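Colleague: Dropping a prediction and its sequence here:
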Amino acid sequence: MSQAFFCLLLLLCLDPGSTSRGDTVVVTSSGPIQGKHIMTESGMVTAFLGIPYAEPPVGELRFQKPRPHQPWSHILEATSFANSCYQESSDPYRYNQVLDSDPIPSVSEDCLFLNIWVPYPLPMGPAAVLVWIHGGGFFMGTGSYDKSLLAATENIIVASLNYRLGALGFLALPPGAPGNAGLWDQHLALHWLKDNIAAFGGDPTRLTLGGQSAGSASVGFHLLSPVSQPVFAQATLQSGAAISPWAWVSPEEAKARGRHLGQMLGCAENDDKGVVNCLQRKDPGEVMRKLPGTEPRNLITTIFVPTTDGEFLPDDPRNLLEARSFPLKPILTGFTTEEGTLFLMDNAPGLSISNESLINHKQLLQGLRLVAPKASQCAIQAAAFLYTLGNNGKERYRNAMVKAAGDHMFLCSVAEVATQMAKAGSPVFAYVFTHHPPYAGAPDWIGATHCAELPYMVGNILSLTRSNLTDPEAEKILSQRVMRYWGQFVRTGSPNEENAQDWPIFTGQNFFRIDIEGSEAKEMSPTLYCGIWDWLEPRDSEMEDIPTSGISGNQ
């Protein structure tokens, strides 16, 4: 059973039993749009699906900034999801390898669409809006997951969007391919929503930008980008940050990867512009199929990702964060306790979903090499000692590997962003989600994996796990609680109910624990070992004095 099985279950939003109840037409700056009514267990919503916000990025527009879609005069029927952005089906993380049917609509380069779910009838006064950016490592995923139940339950408008992925979205060989096309896609969609959401009954001054994993890192880039900062009021960042080790590469590295791709596809031109012109003529399938060979794979292989371009990102995101180059906005952010398990299963030595994975010390060292491929042998040994300190149980090496992987890939960077923004004066609310969803066939040791909070946030946990529930009422109550936290934050900038302070503002240690047994602020931070990662994974500029020989691992 593949590791992708679990994240897929968590990401997949099944249809809650929608039925058409007539349709509605909204007039936007692009033209009139016809949606459809959908019934959920919490009430009716009006769904507008597959709204084009940009011209198809094909031909000479491949790798370029998106162009706003030309207006239309006819009524656009927006009653079903449109194309998802191109992603190669041979990718090992691809959804259709772990499902009998592929939940992603047909993929195409013509994919720049957005979706909107509006409570019906509308709330009194303009409604607050959540704009959701999907995850997927910048190389997979789609905005075509149902958010109707969240909109109906919390009486907020929810929107989602597609953006270009992989090399099609993040090739950076300026000036021919300026880079960050996928971020510019998100930016254009966000602008379209700000300009038009009032026509749907929304409040353009109360746009919350949210995302998970690569979507969360994207939100982080928008928080640091001078071109995006004025467009939204607040943000939610779940299990990902602009400074996460997989989320950004330097312009030099981005160019090297782009040139390598060109060589692999026979685009051996004398200049970068010629390489781009050649790549624009290639079939998108050729471009995407070459991605896995561009560099050795480790736990998270994100090859074409955001980079500094001088416009959207004027500097290294860490420099922008440390310089406090961001406005003070309310922030809701956090992670799950076992972020690392999803990426370790079937990748790290000895870890498998089919057993307890009681690995030994040697396998721990090999796994840590996967987590930190640049680290010295001394650093790997030190990390193994630190992460097993005080734990003498038979599962100590497995737990150490899971914790180290989660810290490095997600927890430490998310916590650092939360701390920096809180110190700057932003009201930050930080959580740690600790509940292990009851998925069939999943051993308890995998814990609260990457993505675990998502089905509780959108309200479809009972649909996903109905065959393996021991206490469905408790699961439903947890989901209602999580939806209320997120909905309240979107409406007010705080997850707390009026005149309540159950969830305190973050001060650097007090993460709010969300669990099926209840929620409370915990003074003991889950990021105690984050300091070691500056030593384990130094920046490129610090690598000259660091020995790189050490324990070999499967990279």
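Modeller: Sure thing, it's come through. Numbering: from 1, shown residues only.
Colleague: all contacts plus neighbour counts: C-alpha atoms, from now on.
Modeller: OK.
Colleague: mind listing what M401 touches?
Modeller: 364, 367-368, 387 (CA atoms under 8 Å, 6 or more residues apart in numbering).
Colleague: If you rank those residues by neighbours, which is first?
Modeller: Taking other CA atoms under 10 Å as the neighbour criterion, G367 ranks highest of these with 34 neighbours.
Colleague: Tell me which helix or strand that residue sits in.
Modeller: Using DSSP states H and E, G367 sits within helix 361-371.
Colleague: Would you mind listing the buried residues in the next helix or strand after that helix?
Modeller: Of the helices and strands lying after helix 361-371 in sequence (DSSP H and E), the nearest is helix 377-388. Burial within helix 377-388, assessed by neighbour count using 16 or more other CA atoms under 10 Å, is assigned to 377, 379-381, 383-384, 387-388.
Colleague: Check stretch 165-176 too.
Modeller: Of the residues in stretch 165-176, those buried (16+ other CA under 10 Å) are 165-173, 176.
Colleague: Repeat that for stretch 25-32.
Modeller: Across stretch 25-32, burial judged by 16+ other CA under 10 Å covers 25-26, 28, 30, 32.
Colleague: what does stretch 184-196 give?
Modeller: 184-194, 196.
Colleague: Now do it: distance to the chain's middle.
Modeller: Centre-to-centre, stretch 184-196 and its host chain are 18 Å apart (CA atoms, centre = their mean, to the nearest Å).
Colleague: Kindly report the same for stretch 201-208.
Modeller: The answer for stretch 201-208 is 22 Å, by CA atoms, centre = their mean.
Colleague: quick check: mean pLDDT across it?
Modeller: Averaging pLDDT along stretch 201-208 yields 98.
Colleague: May I have that stretch as PDB, with CA atoms only?
Modeller: Taking C-alpha atoms only, stretch 201-208 is exported to PDB below (Å, rounded to 0.1, in the frame of the first residue of the first chain):
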ATOM      1  CA  GLY A 201     -22.000  38.600  -1.700                       C
ATOM      2  CA  GLY A 202     -18.400  38.700  -0.300                       C
ATOM      3  CA  ASP A 203     -16.400  41.400   1.400                       C
ATOM      4  CA  PRO A 204     -13.300  42.300  -0.600                       C
ATOM      5  CA  THR A 205     -11.700  43.800   2.600                       C
ATOM      6  CA  ARG A 206     -12.000  40.400   4.400                       C
ATOM      7  CA  LEU A 207     -10.100  38.000   2.200                       C
ATOM      8  CA  THR A 208      -8.200  35.300   4.100                       C
END
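Colleague: what's in contact with that stretch?
Modeller: For stretch 201-208, contacts defined as CA under 8 Å, 6+ apart pick out 118, 122, 125-131, 157, 193-198, 231-236, 490-491.
Colleague: tell me which element the residue lying farthest from the centre of the chain is part of?
Modeller: When distances are taken from the C-alpha mean of the chain, N270 lies farthest, 36.5 Å away, according to CA atoms, centre = their mean. Using DSSP H and E, N270 falls within no helix or strand.
Colleague: State the phi and psi torsions of it.
Modeller: Note on N270: its backbone torsions stand at phi -80, psi -20 [degrees, to the nearest 10].
Colleague: how near is it to T236?
Modeller: In this view, N270 and T236 are 44 Å apart by CA to CA, to the nearest Å.
Colleague: just C530 next, same as before
Modeller: For C530, the distance to T236 - CA to CA - is 22 Å.
Colleague: go on, H408?
Modeller: 20 Å.
Colleague: Equivalent analysis for T527, please.
Modeller: Taken as CA to CA, the span from T527 to T236 is 19 Å.
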